[in-house]
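Colleague: here is a sequence with its predicted model. Questions after.
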Amino acid sequence: MTNQTELPDIDAWQQFQDRLRSAGHRRLVVLEGDREASRGWLRAVLPGLSVAPGVWVGTDDASAIDGITAIHAKNARRWLGQDLSCVVWDGWQGNPPDGLAALAGTLSAGGLFFWLMPPLANWSGFEDPDYRRLGLDGMGDHPFLARLARVLGKDSSVMRVQPGNPSAPLPSGPKPVEPPFRPGTTSEQTSLVERIVKTGLGRRRRPLVITADRGRGKSAALGMAAARLVAEGRQQVVVTANEPAAVETLLRHAEPAVGEGRVRYLSVDDLLEQRPEAEVIMVDEAAAVPPYRLRQILLGWPRVVFATTVHGYEGAGRGFSVRFRGVLDNETPHWKQASLQAPIRWAESDPLEPLISRMFLLDAEAPELPEHASGGEPQVVIERWYPADASDPELQQSFGLLVDAHYRTTPSDLRQWMDDPAAVSWRATIDGVVVGVLWATVEGGLDEGLAHQVMLGQRRVRGHLLPQSLASHSGFADAARQRLLRVVRIAVNASARRQGVGRSLVRAAQGHAEAQGLDGLGTSFGGNPELVTFWQGCGLMPVRLGLSREASSGELPLQMLSGTSEPGRQLVENLRRRLARHWLMLVPDNWRDLNPRLLLQLTASLPGVESLNEDDRRDLLSFAHGYRGFDLTLPVLRNLSMSDGVAAWLMLNAEAELWARAVLQGWEWSQLRRDGLCLGREEGEARLRALLEKLLQNRPEL
Ligand SMILES: CC(=O)SCCNC(=O)CCNC(=O)[C@H](O)C(C)(C)COP(=O)(O)OP(=O)(O)OC[C@H]1O[C@@H](n2cnc3c(N)ncnc32)[C@H](O)[C@@H]1OP(=O)(O)O
Ligand SMILES: Nc1ncnc2c1ncn2[C@@H]1O[C@H](COP(=O)(O)OP(=O)(O)OP(=O)(O)O)[C@@H](O)[C@H]1O
C-alpha cells in the first residue's frame with residue numbers, strides 16, 4: 001500500500017510498465033476524483049516512466065514533461081497512425097468519444113492511458129464540458145457516461161487510482177512473459193503480402209479489397225508488396241490516399257523502390273487528373289475516399305488494391321464495405337477480399353482494445369435473423385424504445401444495425417442517441433429479434449427573432465440541422481420556428497428489407513409527430529435514388545438539395561419533409577415551389593455530376609412551374625422533326641422537363657440518362673460520348689429527337 005500523502009511509488013509504476021511492455025499489453029488508468037490532485041500525481045509519476053512520445057489532452061501541464069505534447073481534444077484524430085507510449089486525457093475538460101477512442105488506438109505495447117475524471121459513481125451527473133458544444137449541457141443525467149462508468153467498474157484490467165487516498169493499491173501487471181513481446185511480421189501478414197503481389201502481377205480487373213482493424217499491419221503489407229512488385233519487374237506502382245499522412249507507413253516499408261521512383265504517392269485528385277501510366281494502383285484508407293472516386297480508380301487502371309480500416313472510431317469502414325461492394329459486384333465481379341486479424345503493435349491478449357470496443361460498442365453488429373419457425377407471415381412488432389434504459393445486448397443489436405447500414409457511425413453518435421433528451425426512437429422486432437430501428441430528434445421551435453436571424457444567415461444554432469438548413473439556405477424563417485421531428489437514422493436488417501418494416505417505423509414516427517402537435521417529419525441524407533423512393537413512399541417530399549458533397553459519403557445532402565400540421569404542410573409547399581422556380585438554373589451550375597436518375601426523380605417530384613405556350617410547342621415540333629438545332633431548342637427542352645409528369649415519363653425510357661445529362665445538366669457532346677451515352681452530336685441529337693417525338697405522341701396535351 002502506498003501512502004498518498006507521500007510521493008507515489010514510481011518504482012512500482014516503472015516495473016508495471018516494463019511488465020506490460022514485455023506482455024505486449026496497454027492499460028487504462030482512471031485517476032478518479034480531485035482534478036488538481038490527479039494532475040499533481042501525474043507530474044510526479046510521468047517523468048519516471050517511458051512516456052515519449054506521448055500526448056496530454058486538455059491542458060498545458062505537458063510542457064513540463066519531456067516527450068509529451070499538449071494537444072486539444074478536437075485534434076486527437078490527427079494522431080491516428082502514430083505510435084504513442086502515453087496518453088493523458090483530462091476528462092474534466094470534456095470527453096468527445098471519437099477522439100478518446102482514436103487516441104487509445106495509437107498506444108503501443110507498454111502504453112498507458114491516464115484518464116482524469118470524477119469518481120466513477122458520479123459520472124452520470126458529471127457536467128461534461130463537451131456537452132456544451134452539442135447544446136446538451138444542463139440536462140442533468142447522462143446515461144452514456146453512466147454506462148461507461150459501469151463498463152469500467154466491471155473490468156479488472158482497469159487501474160483505478162484515487163490520488164489523495166492513502167489505501168490505493170499498487171499497480172499489478174501481467175506476469176513476465178518469455179520471450180517478451182516484439183512487434184514484427186506475422187504469418188498472416190506474410191500471406192497477405194503474397195496475395196497483394198499476386199494481384200499486382202496477375203490478370204487485369206481482379207481487384208483486391210483488404211479490410212482490417214487499425215494496427216493490423218495492412219499499410220506495411222502494401223508497402224512490402226509494392227517493393228516486391230517492382231523487384232519482380234513492374235515499372236510503376238502508384239499509391240494513393242486522400243492525405244499523404246495515410247501512406248507514410250506504406251512508403252517506409254516500400255524502400256528501396258520509393259527511392260528509385262518506381263513506387264510513388266499521388267493524392268486521389270492528382271491521380272485522377274494526371275492519369276499516370278501505372279500497372280498497379282494501391283488505395284490506402286479507401287473508406288475516406290468517396291465511392292464515386294473509388295469507382296473511377298477501379299475503372300481507370302488494370303490492377304487495383306484497396307485497403308481500409310474497419311473500426312468504429314473511424315466510422316466509415318463498415319459503410320465502405322456495404323456500399324463499395326455493390327460497385328465491385330457490378331464492375332469487377334471477380335474481385336477478391338482479404339483481411340488481417342492479429343494486431344502488430346500489441347499482443348492478442350492486450351486488454352485495452354477489447355475494453356475500448358466494449359465502451360463504445362465498436363464491434364456492434366446487426367443480429368442474425370433466425371429462420372422463421374412458426375410458418376406463415378412473420379409478425380413485426382413496432383414499439384417505442386429507449387436506448388438510455390436498454391440492456392447492453394439490446395443496445396449492441398440496435399446500434400449494430402445503424403453501424404452496419406450507415407456510411408458513418410461513430411462513438412459520438414452512440415452518445416448523442418443515448419443522451420439527447422430530444423431524441424425519440426422506435427424499434428421493430430420479429431420473434432424478439434431487432435430487425436429495424438428509427439432514431440429521430442425534435443428540432444426547431446426557435447423564437448421569431450432568432451428564426452429571423454437564422455434566416456438572414458446571421459446566427460447558426462446547433463442541434464437543429466433541418467430547421468437551420470431550411471431557414472438559412474431556402475430562406476424561410478418559418479422552417480426554424482416550426483417544430484419538426486427529424487429522422488436522424490433509420491436502418492432495417494438487410495435480410496428483412498422490402499417487407500414494409502421501414503415504412504412502418506416511419507409511420508410510427510409520423511403518428512408521434514401528429515400526436516405531439518409537431519409541424520412535420522423530415523430527414524436529411526446523402527441523396528440516392530433508392531432512398532428517395534423509400535422516403536417518397538412514406539409521404540416525404542424533396543425540399544432542398546445541398547450544393548456541396550458531404551465529406552463522409554461523397555453524396556449531396558438531400559432534405560425531405562412532410563407536414564403534420566396545417567402550417568407544416570404549407571411550409572412544405574412553399575419550399576417545394578421555391579425550389580422548383582430555381583431548379584433549371586441551379587442544376588447545370590451545381591449538380592452537373594449528380595446521378596442522372598436521381599436528378600430526374602427529383603425533377604419529377606417538384607411542382608410544374610410554367611406551362612408551355614404555342615411558340616414553345618412549335619419549337620419542340622421543329623426539333624422533333626429534325627429542322628431545328630439542339631442548342632436553339634435547349635431552353636424549351638429544359639422547361640418541358642419541368643412540365644407535369646414529363647420527368648416521370650422520361651424515367652421510364654432507356655434514353656432518360658442522355659436527356660438528363662444533355663438537357664438538364666448541360667454536358668458537352670464530347671463528354672457524353674466519353675461516358676458512353678452517345679456516339680457524338682449527330683447520333684445523340686437524333687436520339688433526343690426520337691425521344692421527344694415519342695413523348696409528344698404519348699402526351700398530346702402538352
Ligand atoms: C436519415 C436516414 O437514415 S437515410 C438512410 C436510410 N437508411 C439506410 O440507407 C440504411 C440501409 N437501408 C435500410 O436499412 C432500408 O433499406 C431502409 C430503411 C432504407 C428501407 O427499409 P425497408 O424496410 O426495406 O423499406 P420498406 O419495405 O418499408 O419499403 C417501402 C417502400 O420504399 C421503397 N423502397 C425501399 N427500399 C428500396 C430500394 N432499395 N430501392 C427502391 N425502392 C425502395 C419501395 O417503394 C418500398 O415499397 P415496395 O417494397 O412495396 O416496392
Ligand atoms: N512486419 C512489420 N514489422 C515491423 N513493424 C511493422 C510491421 N508491420 C507493421 N509494422 C508497424 O506496425 C504499425 C502498424 O502497421 P500499419 O500502419 O501497417 O497497420 P494498419 O493495419 O495499416 O493500421 P492503420 O490503420 O493504423 O494504418 C506501424 O508502425 C508499422 O510500421
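Modeller: Alright, I've got the coordinates. Ligands and ions are numbered 1, 2, ... in the order given.

Colleague: skipping adjacent residues, who's closest to the residue in the stretch 151-300 of the chain that ligand 1 sits nearest to in space?
Modeller: At 13.3 Å from ligand 1, Pro291 is the closest residue in the stretch 151-300 of the chain, using C-beta to the nearest ligand atom. Where you see a C-beta, it was placed from the backbone N, CA and C, and this is true even at glycine. Sequence neighbours aside, Arg323 is the residue nearest to Pro291 in space, at 5.3 Å (criterion: C-beta to C-beta, 6 or more residues apart in numbering).

Colleague: can I assume that neighbour sits in a helix?
Modeller: Yes. With DSSP: H, G, I helix; E, B strand; the rest coil as the criterion, Arg323 is part of a helix.

Colleague: check which element follows whatever helix or strand Met585 lives in along the chain.
Modeller: Here Met585, judged by DSSP states H and E, is contained in helix 566-590. Remark: after helix 566-590, the chain's next helix or strand is helix 596-605, criterion DSSP H and E.

Colleague: ok now the helix or strand just after that next one, how far from the chain's centre?
Modeller: Heading C-terminal from helix 596-605, the first helix or strand you meet, by DSSP H and E, is helix 614-624. The chain centre lies 48 Å from the centre of helix 614-624; the measure is C-alpha atoms, centre = their mean, to the nearest Å.

Colleague: what's in contact with helix 614-624?
Modeller: Outside helix 614-624, the residues within contact range by C-beta atoms under 8 Å, 6 or more residues apart in numbering are 612, 628-630, 632-633, 636-637, 639-640, 689, 692-693, 696, 702.

Colleague: rerun at 7 Å
Modeller: Under the criterion C-beta atoms under 7 Å, 6 or more residues apart in numbering, residues Arg628, Thr633, Val636, Asn639, Leu640, Arg689, Leu692, Glu693, Leu696 lie in contact with helix 614-624.

Colleague: buried among those? Make that a ChimeraX selection.
Modeller: Filtering the contacts of helix 614-624 down to the buried ones (16 or more other C-beta atoms under 10 Å) takes a single ChimeraX command:
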select :628,633,636,639,640,689,692,693,696
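
Colleague: neighbours of Pro588, how many?
Modeller: Pro588: 14 surrounding residues under other C-beta atoms under 10 Å.

Colleague: any idea how far it is from Pro529?
Modeller: From Pro588 across to Pro529, the span is 20 Å (C-beta to C-beta, to the nearest Å).

Colleague: picking up where we left off before, pretty sure the residue of the stretch 151-300 of the chain closest to ligand 1 contacts Phe324?
Modeller: Yes. Between Pro291 and Phe324 there is a contact under C-beta atoms under 7 Å: 5.7 Å.

Colleague: any regions of the stretch 351-500 of the chain where pLDDT drops low?
Modeller: 372-376 (pLDDT under 70).

Colleague: just the closest residue of it to ligand 2, please.
Modeller: Relative to ligand 2, the nearest point of the stretch 351-500 of the chain is Glu353 (12.5 Å; C-beta to the nearest ligand atom).

Colleague: distance of that residue from Glu668?
Modeller: Applying C-beta to C-beta, the value for Glu353 to Glu668 is 52 Å.

Colleague: sorry, back to before: and the contacts of the helix holding Met585?
Modeller: 470, 474, 476, 478-479, 482, 519-520, 541, 543-544, 547, 561-563, 599, 603, 606-607, 609, 638, 642, 664-666.

Colleague: can you give me the helices for the stretch 201-350 of the chain?
Modeller: Counting by DSSP state H, counting those that start in this stretch, the segments of the stretch 201-350 of the chain that form helices are 218-231, 248-252, 268-274, 291-300, 316-331.

Colleague: from these, which stretch is densest packed?
Modeller: helix 218-231 (a mean of 25; mean count of other C-beta atoms under 10 Å).

Colleague: using CSV, list the CA coordinates for it.
Modeller: Only the C-alpha atoms of helix 218-231 are listed here, as CSV (Å, rounded to 0.1, in the frame of the first residue of the first chain):
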residue,chain,number,x,y,z
LYS,A,218,-2.0,-3.7,-43.7
SER,A,219,-0.3,-0.4,-44.8
ALA,A,220,3.1,-2.1,-44.1
ALA,A,221,1.9,-5.1,-46.1
LEU,A,222,1.0,-2.9,-49.0
GLY,A,223,4.4,-1.3,-48.8
MET,A,224,6.3,-4.6,-48.7
ALA,A,225,4.2,-5.8,-51.6
ALA,A,226,4.9,-2.7,-53.6
ALA,A,227,8.6,-3.1,-53.2
ARG,A,228,8.3,-6.8,-54.3
LEU,A,229,6.3,-5.9,-57.3
VAL,A,230,9.0,-3.5,-58.5
ALA,A,231,11.7,-6.1,-57.8
